[in-house]
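K.L.:
Here you go, sequence then predicted model.
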Amino acid sequence: YLLDDRKLAELVGFDFHRGVIAAGVRRQLPALQEHFDPPIGRFGLLFFPEVNDVENLGAMMRSAAAFGVHAVVIGSRCCDPFTRRAIRASMGAVFSLNLLSSDDPAADLHWLHERFEMRRIAAVLDFSARPLYRVKPPQRFVLLFGTEAQGLADSWIGLCDDRVTIPMAIDTDSLNVATACGIFLYHFMQADTNS
């Protein structure tokens, strides 16, 4: 179908300037415990129990693809990874990632730890947590990130084996969660495990 600019903006609900739009039916994300297929050797997962900003989610998925994360787990209280803005911020990475869903993140985190001996690591803004540069990446791990404004809730931190933070200079109170995610992934995914 061909539409003029006014009709196209009316159809999509905003001033759309890309020129081409598509719509399709999508399947539900596969459930973690039914579809998780761990690779042999070292690997890492990203777990988002309740990230609520679609652009941050998209940017974190872009980093996940860039650093070779095995899978990204989307909690039931997390925003939709297939919204327009999440897809744009991910630069399309959302379509190439292994995305899995979790209706019960607490149970799934326990299952990952018990079944696959995965170390659960909470990314936190807390000076009492271990600084990132002192953490040797484990063979199997799952990184948890929280919301932009509130961070990772205490209930999720309590389920983790480790609390890790990025040390910052004085007068810098925090990093954007997507920026922090990229730093964590560089450290954990690019580590030389033989050193």
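P.N.:
Thanks, I have the structure now. All of these numbers come straight from a predicted model, not from anything done at the bench.
K.L.:
Which stretches in this protein count as helices?
P.N.:
5-12, 32-35, 54-66, 84-89, 105-116, 154-157, 177-189 (DSSP state H).
K.L.:
Show residues contacting the fourth one.
P.N.:
The reference is to helix 84-89. 54-59, 61-62, 79-81, 94-95 (CB atoms under 8 Å, 6 or more residues apart in numbering). C-beta here means a position set from N, CA and C on the backbone, and glycine is covered the same way.
K.L.:
swap in the last one?
P.N.:
Residues lying outside helix 177-189 but in contact with it, judged by CB under 8 Å, 6+ apart, are 44, 46, 51, 53, 55-56, 59-60, 63-64, 66-69, 121, 123, 132-133, 135, 137, 141, 143, 145-148, 151, 164, 166, 175.
K.L.:
mind showing which ranges of the chain have poor pLDDT?
P.N.:
Along the chain, the parts satisfying pLDDT under 70 run over 16-18, 191-195.
K.L.:
measure the closest residue to residue 42 other than its chain neighbours to residue 68 for me?
P.N.:
Leaving aside its sequence neighbours, residue 42 sits nearest to residue 139 (CB to CB, 6 or more residues apart in numbering; 4.9 Å). According to CB to CB, to the nearest Å, residue 139 stands 15 Å off from residue 68.
K.L.:
before we move on, what about residue 80?
P.N.:
Applying CB to CB, the value for residue 80 to residue 68 is 24 Å.
K.L.:
Ok, residue 56 next?
P.N.:
20 Å.
K.L.:
In terms of neighbours, single out the busier of these two.
P.N.:
residue 56 (24 against 11; other CB atoms under 10 Å).
K.L.:
you'd agree the more buried one is up against residue 146?
P.N.:
No: using CB atoms under 8 Å, residue 56 is not in contact with residue 146; the gap is 10.4 Å.
K.L.:
how much space between residue 162 and residue 146?
P.N.:
From residue 162 to residue 146 the distance is 15 Å (CB to CB).
K.L.:
who has more neighbours, these two?
P.N.:
residue 146 (21 against 17).
K.L.:
can you count the residues close to the residue nearest to residue 166 when sequence neighbours are not counted?
P.N.:
Among residues not flanking residue 166 along the chain, residue 132 sits closest, at 5.2 Å (CB to CB, 6+ apart). Around residue 132 there are 18 other residues, counting by other CB under 10 Å.
K.L.:
what's the answer for residue 7, then?
P.N.:
Residue 7: 11 neighbours (other CB under 10 Å).
K.L.:
how close does it get to residue 158?
P.N.:
For residue 7 relative to residue 158 (CB to CB), the value is 52 Å.
K.L.:
cool, and residue 179?
P.N.:
For residue 179, the distance to residue 158 (CB to CB) stands at 25 Å.
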